[in-house]
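Trainee: What would the 3D arrangement of this be:
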Amino acid sequence: MIDLSVDYLGIPLKNPLVASSSPLCTSIDNIKKMEDEQIAAVVLQSLFEEQVILEQRELDTGLLQGTEHFAEALTYLPDFGTYRFASSGYLEQIRKAKEAVDIPIIGSLNGISTGGWIKYAKEIQDAGADALELNLYYLPTRPDISSQQVENNYVELVKEVTSRIRIPAAIKISFFLSSIPDTVSKFADSGASAVVLFNRFYQPDLNLDSLNVVPNLKLSTSDELRLRIRWIAILYNKMNIDLAITGGVHTSLDVLKGIASGAKVTMMTSAFLLNGIPYAGAVLEGVSQWLERNDYKSIRSFQGVLNQASVENPEAYERANYMQVLGSYNT
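Mentor: Numbering: from 1, shown residues only. As a prediction, the model looks like this:
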């Protein structure tokens, strides 16, 4: 029997298939199904700091409405400044998930202020999450903000958060960085345990009839995997940090390609939305069968077999491969 077990974020997992952050993970019943279908870990949907701020403001407005007419009304209610709002439901979900399943539960956080990142990271930890994924999703639009400033801010944020929590942290990034290896290396030095490549960049469309910006979410395809495996293969074994893939993982072969490039785990969402959670069993069965046919005893022995370090001159290889691809298309 093929051994599919891996270690990610210092946590033993029974296989490399992880459910990435998505609406599927808002339901405890779905999380139970994921465990039943042998998914190794679950990343909960992201908690957005803006949601907490907005709900707090709305509640404050509702509670204070009319108090200008009756001064004594101010004494009816306690000071809500110290109460949790949207985060309280999220934390309760973590607790319920931990009670319902034995697989690791990874919280996901998307903040907008250093204080918010730290506050909610601590709360997620204290609620019982096994690890935390910091979802760095910032789109700089001002021309006076340099790429170096953006990346330095990321690194400082990671350092601030990881120094204040005990659970391991994974950093989910986009590919819009001027030097991915340099930034990932700094994340490793700043206390991050893993980096997740890549955050999908959601791009709105334009409606010319109404002259509106239209949100447009499209599920991933296996074609998106190529960008991920290229960078995983480049980063593999260059720094002390786990590598994970999210985006474009749809089939058993996609999982295997991710592991061969050097990833510890591959994360899946779109395939579950298209095929249902039980699809995970077919994916894992396909992984085992392929490894057995090709005489691998474990998934660990297959990790990184196609990483960039196996090439004698990586820089020259990248250039040659680039030129070869450009010349391979025949009109």
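Trainee: Geometric centre of this protein: which residue is closest?
Mentor: Nearest to the geometric centre of the chain sits Lys172, at 4.7 Å (Cα atoms, centre = their mean).
Trainee: hang on, that residue is in a helix, isn't it?
Mentor: No. Residue state for Lys172 (DSSP: H, G, I helix; E, B strand; the rest coil) corresponds to strand; a helix is not indicated.
Trainee: Assign the closest residue to it other than its chain neighbours to helix, strand or coil.
Mentor: By the measure of Cβ to Cβ, 6 or more residues apart in numbering, the closest residue to Lys172 outside its immediate chain neighbours is Val196, 4.0 Å from it. No exception for glycine: its C-beta is placed from N, CA and C like everyone else's. Per three-state DSSP, the secondary structure class of Val196 is strand.
Trainee: Run a quick neighbour tally on Val196.
Mentor: Number of residues near Val196 (other Cβ atoms under 10 Å) recorded here: 28.
Trainee: Provide a list of residues in contact with it.
Mentor: Glu133, Ala170, Ile171, Lys172, Ile173, Ala244, Ile245, Thr246, Met267 (Cβ atoms under 8 Å, 6 or more residues apart in numbering).
Trainee: Leaving aside the residues adjacent along the chain, what's closest to the second one?
Mentor: When you say that, I think you mean Ala170. Nearest to Ala170 is Ala194, by Cβ to Cβ, 6+ apart, at 3.9 Å.
Trainee: who's in contact with the one you found?
Mentor: By Cβ under 8 Å, 6+ apart, the neighbours of Ala194 are Tyr8, Leu9, Pro168, Ala169, Ala170, Ile171, Ile241, Asp242, Leu243, Ala244, Lys264.
Trainee: One more pass at 6 Å, please.
Mentor: Leu9, Ala170, Asp242, Ala244 (Cβ atoms under 6 Å, 6 or more residues apart in numbering).
Trainee: pLDDT score assigned to it?
Mentor: Here the pLDDT value assigned to Ala194 is 98.
Trainee: tell me which residues form a beta bridge with it?
Mentor: Ala170, Asp242 (DSSP bridges).
Trainee: what about it, distance to Val42?
Mentor: Look at Ala194 and Val42: by Cβ to Cβ, to the nearest Å, they are 15 Å apart.
Trainee: and what of Leu13?
Mentor: Leu13 is 11 Å from Val42, by Cβ to Cβ.
Trainee: For these two, work out which one has more neighbours and name it.
Mentor: Between Leu13 and Val42, counting by other Cβ under 10 Å, Val42 is the more crowded of the two (24 against 20).
Trainee: Look up how far Leu306 lies from the more buried one.
Mentor: Distance, Val42 to Leu306, by Cβ to Cβ: 28 Å.
Trainee: how about Ile259, phi and psi?
Mentor: Main-chain torsions, Ile259, degrees, to the nearest 10: phi -70, psi -40.
Trainee: That one: how many residues sit nearby?
Mentor: Using other Cβ under 10 Å, Ile259 has 27 neighbouring residues.
Trainee: Pretty sure Asp29 sits in a strand.
Mentor: No. Asp29: not assigned to a strand; according to three-state DSSP it is helix.
Trainee: What is the nearest of the contacts of Val196 to Ala121?
Mentor: Glu133 (10.5 Å; Cβ to Cβ).
Trainee: ok, now which ones touch that closest one?
Mentor: Glu133 neighbours (Cβ under 6 Å, 6+ apart): Val43, Ile106, Ser108, Ala170, Lys172.
Trainee: tell me the two of those that are most distant?
Mentor: Ile106 and Lys172 (10.6 Å).
Trainee: which residue ranges form the strands in this structure?
Mentor: Here the chain has its strands, by DSSP state E, at 6-8, 11-13, 17-19, 41-48, 105-110, 131-135, 169-173, 194-197, 205-207, 212-214, 242-246, 265-268.
Trainee: Quick check: which of the ones you listed is nearest to Tyr296?
Mentor: Here strand 6-8 is closest among these (Cβ to Cβ), at 13.5 Å.
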